[in-house]
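Student: Predicted model and sequence below, questions to follow.
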Amino acid sequence: MSYTLVGHRGVAGHYPENTPVSVQAAIDMGLRWIEVDVQPTKDNILVICHDHKIDRCSNGQGRVDELTYEQLCQHDFGSWFDPRFADQTIITLSQLLSLAASWQLRLNLEIKIDRHDPRLVVELLTQQLSESPLAPEHVLLSSFNHDVIRYAEQLCPNYKLGVLTERLTNKDRKLLDQVDAFSCHVNYRWLTERHLTELQRAGRQVWCYTVNQPETFKLLDQVDGVFSDFPERFYSA
Ligand code: G3P
Ligand code: MG
């Protein structure tokens, strides 16, 4: 395998996404990298959750940024996927960083911003990272939000940065150069050979989301990383 295989939201194809059991499954499978989504609660605790609302992936309702961490802890984030995961609660970034450090697991932290001030969120992130035992080289910070990436370059200079986009645009190109990004994360459906070559010649790694059918992705052996909900499918690809 020539690329980095990244468990998407842990191992989201088989476990409730972004929960402790999903992260542990990635560790148990021997994956070196996972991607998770990070966002702030009402009381500015960074938690691991993809949607801006908790309705789809918990037994609760409401916006993450309108609920306190304590309120979020009242909900079950697992039984929507399968009743056997009813014990899964939301996990904080701080808890995840400790878990990852104890297993040498590498993390791609995708920072999701909705109504919060991007600078504040990056300050919270910087604080968490500085308190974490996880080595900076085991972390890759990414976001669709360009302000987040710019603030991360200023406030977290020791961390790798990934510019996240659906397909490569001129704004992405500018940002990649401006922050000297480690990587560009693109939707595999829109990745062209021309963009791949351009990015790699410029010294960027190209990581593609979310590839769940390896046989359908023609550029698989040329890219540097793939995110998958079903990482086991790549062992025989
Ligand atoms: O970070 C890669 C991928 O997760 C981006 O899209 O919506 O799955 O967070 P999304
Ligand atoms: Mg994501």
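Tutor: Everything's here; your move. Ligands and ions are numbered 1, 2, ... in the order given.

Student: Now do the contacts for the residue of the chain found nearest ligand 1.
Tutor: For the chain, the residue closest to ligand 1 is residue 209, as judged by C-beta to the nearest ligand atom, at 3.8 Å. Placement of C-beta: from N, CA and C, glycine included. Applying C-beta atoms under 8 Å, 6 or more residues apart in numbering, we find residue 209 in contact with 8, 35, 185-188, 226-227.

Student: can we see that at 7 Å?
Tutor: Residues near residue 209 by C-beta atoms under 7 Å, 6 or more residues apart in numbering: 8, 185, 187-188, 227.

Student: Keep only those of those residues that are in strands.
Tutor: 8, 185, 187, 227 (DSSP state E).

Student: quick one: the last one from residue 97, how far?
Tutor: Spelled out, that is residue 227. 20 Å (C-beta to C-beta, to the nearest Å).

Student: With the first one instead?
Tutor: Taken as C-beta to C-beta, the spacing of residue 8 relative to residue 97 amounts to 19 Å.

Student: How about residue 120?
Tutor: Computed as C-beta to C-beta, the residue 120 to residue 97 distance reads 19 Å.

Student: do residue 83 as well
Tutor: From residue 83 to residue 97 the distance is 29 Å (C-beta to C-beta).

Student: who's in contact with the helix ranked longest in the chain?
Tutor: The longest helix of the chain (DSSP state H) is helix 118-131. Helix 118-131 is contacted from outside by 40, 44, 46, 93-94, 97, 111, 113, 139, 145, 147-148, 151-152, 155-156, 159, using C-beta under 7 Å, 6+ apart.

Student: Low-confidence regions, this structure specifically.
Tutor: For the chain, applying pLDDT under 70 flags the ranges 236-237.

Student: which element follows the longest strand along the chain toward the C-terminus?
Tutor: Using DSSP E, we find that the single longest strand of the chain is strand 33-40. Per DSSP states H and E, the first helix or strand lying C-terminal to strand 33-40 is strand 46-48.
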